[in-house]
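Visitor: I would like the atomic coordinates for the input below:
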Amino acid sequence: MVKQSAYPRRIAYGETRLGGIWFYANTTGGKNEYLHLVLGICEGPIESVDTIFFGDDAIAIDANGDATTEKYQDHFRAKVHLGDQTTADADLIAEDANWTSNHKLLGIAYVYCRFKHSAEVFDGGLPEVSFKITGANDIEDPRTRVIGYTNLTAACWGHYLRTSRVGPNIARENIDIDYQSDATVICDQDVDLKAGGTEKRYTLDGAFLTDTDPEEIISSMVESMAGWQVFTGGLFRPYAGAFTEPVFSVTSDMVIDAVEIQYRKPRSQRA
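Guide: Residues are numbered from 1 along each chain as shown. Got it, this is the predicted structure:
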C-alpha cells in the first residue's frame, strides 16, 4: 500500500495488480474497534475489481462486501467503487461522521475497507492490501467507434492520447483513425502458443503514474506493440509490428551486371 500525503494518479489498462493508495483512515467504536480505510486504485471508470489480496492471500467477499474467507469472517468488509460513482459511500457515511456526502471521489476507482480489531485475526498487524483489477472501460475501439473495455494496445494508445484529466488531451481530429484502426486489427490477431491455444498479438496490461512524461508513456505503449508513432500532416499515426507477405519479386531479368557471391567464412577462420 502507498502511504503518502501526495501521490500521482494512476491509469490502468487490461489486467493488473495494484496496491491501494491511502486516501483516508479513521477509527470508530469503543476502544477503536473499527478501522475504516479508503484505498484508491486508479483513474476510473474501470471494468472490475476482481480479487482483493492481503499480502499474497486472496480474500473472498460476498455480494454485500463481507469476507467469506474463514479467517476474516465478521472482521473485514469491502465496498468496491469502479470510478463511475456519483455519490459517496453510504456505509462509510453511516459509520463515520467525518465522511460526508461530499466525499464522492468522482472519477476515481477505490475500495472502502472496514477492519474489525482482533489481535488473533490480524496477528501480524494491518495487512498489505492490493487489488487485481480489469482496467479502463471507457476506451473507444477505432474500428467500430464502440466505447467499452479492451486491452488491445492500439486502442489504449488512442484512449491515453485523448484523455483530458490525466493524458495529453489530444483532439480526436488530430488522431488518424484509419491508421489506428489498422494497428488495432494487428493487435487483435490471434497468435498460436507453443503450449496450445492462442492469445492476442499485442495487449496492454499494467498501469502508469500520471506524473510520468507523456512522451515516455506513449513510447512504452507503441514499443509494446513492436511499433512506433509518427506525427505528420497534423495527425498522430500509430504503427504496430507484424509480418506481411512480400508483394515484390526480384527476377534475373532485373539484374544489369554480374552477380558476385560473398561466401561466409567458417567460424574457425574468423578473427
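
Visitor: Outline the domain layout of this protein.
Guide: In terms of domains, the chain is parsed into 10-135, 138-239 (source: automatic domain parsing).

Visitor: how about these in JSON lines, adding distance to residue 2, mean pLDDT and mean neighbour count?
Guide: C-betas here are computed from N, CA, C, even on glycine. Listed next are the domains of the chain as JSON lines, based on distance: least, CB to CB, whole Å; pLDDT from 0 to 100; neighbours: other CB atoms under 10 Å:
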{"stretch": "domain 10-135", "distance to residue 2": "4", "mean pLDDT": "96", "mean neighbour count": "17"}
{"stretch": "domain 138-239", "distance to residue 2": "11", "mean pLDDT": "95", "mean neighbour count": "17"}
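
Visitor: Kindly reformat the ones you listed as CSV containing distance to residue 254.
Guide: As requested, those are exported to CSV (distance: least, CB to CB, whole Å):
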stretch, distance to residue 254
domain 10-135, 47
domain 138-239, 29
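
Visitor: Ok, which of the ones you listed comes nearest residue 249?
Guide: domain 138-239 (24.3 Å; CB to CB).

Visitor: Need the distance between the two termini of the closest one.
Guide: 22 Å (CA to CA, to the nearest Å).

Visitor: Helices of the chain, start to end?
Guide: For the chain, the helices defined by DSSP state H cover 90-95, 153-162, 177-187, 214-223.

Visitor: Identify whichever of these lies nearest to residue 30.
Guide: Of all the helices of the chain, helix 90-95 sits nearest to residue 30, with 13.5 Å by CB to CB.

Visitor: Need the contact partners of that closest one.
Guide: Residues outside helix 90-95 that contact it (CB atoms under 8 Å, 6 or more residues apart in numbering) are 28, 34, 36, 38, 77, 79, 99, 100, 101, 103, 112, 114.
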